[in-house]
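Novice: A structural model of the following input is requested.
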Amino acid sequence: MATTSKSLVAALLVAAVAVAVLLAAPAEAVCNMSNEQFMSCQPAAAETTDPPAPPSPACCAALGGADLGCLCGYKNSPWMRVYNIDPKRAMELPAKCGLATPANC
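Specialist: A predicted model of the protein is given here:
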């Protein structure tokens, strides 16, 4: 169950940043992640890459500084597909980076 929660946080992270890309100014951050940080995680969650790349050190660092609880609020966002993000792959990123997922996610 903990792995599922971690995966959910990753998906939320991706969705939140996708929304930020479309709606926020380039210098603004969503859930403590900039567009650049979000894009560092995109290859590891890409829907059309098989197999996906492992998360980069930059991606894990970005996730480590992100407000994962905040990102949980974006778990059902339709923007993930717009950015070629596979929700299942995105949800696996925190665990792959050795991060804990908030219990309320």
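Novice: quick one: buried residues of stretch 35-45?
Specialist: Neighbour-count burial for stretch 35-45, counted by 16 or more other Cβ atoms under 10 Å, picks out 35, 37-42, 44-45. Using the backbone N, CA and C atoms, a C-beta is placed for each residue, glycine as well.
Novice: er, stretch 58-69 I mean
Specialist: Buried residues in stretch 58-69, counted by 16+ other Cβ under 10 Å: 59-60, 62-63, 66-68.
Novice: count the neighbours of L93 for me.
Specialist: Counted with other Cβ atoms under 10 Å, residues neighbouring L93 total 26.
Novice: for it, pull up the helix or strand it's in.
Specialist: Using DSSP states H and E, L93 sits within helix 87-96.
Novice: off-centre distance for that helix?
Specialist: 7 Å (Cα atoms, centre = their mean, to the nearest Å).
Novice: what comes up buried for it?
Specialist: By 16+ other Cβ under 10 Å, the buried positions in helix 87-96 come out as 87, 89-96.
Novice: just to revisit the earlier point, quick one, which of the buried residues of stretch 58-69 has the minimum pLDDT?
Specialist: Least confident entry in these, by pLDDT: L68, with 81.
Novice: ok, that residue touching C97?
Specialist: No: L68 is beyond contact range of C97, at 10.8 Å (criterion: Cβ atoms under 8 Å).
Novice: related to what we said a few turns ago, name the helices or strands packed onto the helix holding L93?
Specialist: Contacts defined by 3 or more Cβ pairs under 8 Å, 6 or more residues apart in numbering; DSSP states H and E place helix 87-96 against helix 2-23, helix 35-45, helix 57-65.
Novice: could you dump the second one to PDB, C-alpha only?
Specialist: Read it as helix 35-45. Below are the C-alpha coordinates for helix 35-45, written out as PDB (Å, rounded to 0.1, in the frame of the first residue of the first chain):
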ATOM      1  CA  ASN A  35       8.900  23.900 -14.900                       C
ATOM      2  CA  GLU A  36      12.500  23.000 -15.400                       C
ATOM      3  CA  GLN A  37      12.400  20.700 -12.400                       C
ATOM      4  CA  PHE A  38       9.200  19.100 -13.700                       C
ATOM      5  CA  MET A  39      10.700  18.500 -17.100                       C
ATOM      6  CA  SER A  40      13.700  16.800 -15.500                       C
ATOM      7  CA  CYS A  41      11.200  14.000 -14.400                       C
ATOM      8  CA  GLN A  42       9.300  13.800 -17.700                       C
ATOM      9  CA  PRO A  43      11.600  11.200 -19.300                       C
ATOM     10  CA  ALA A  44      11.200   8.800 -16.400                       C
ATOM     11  CA  ALA A  45       7.400   9.000 -16.700                       C
END
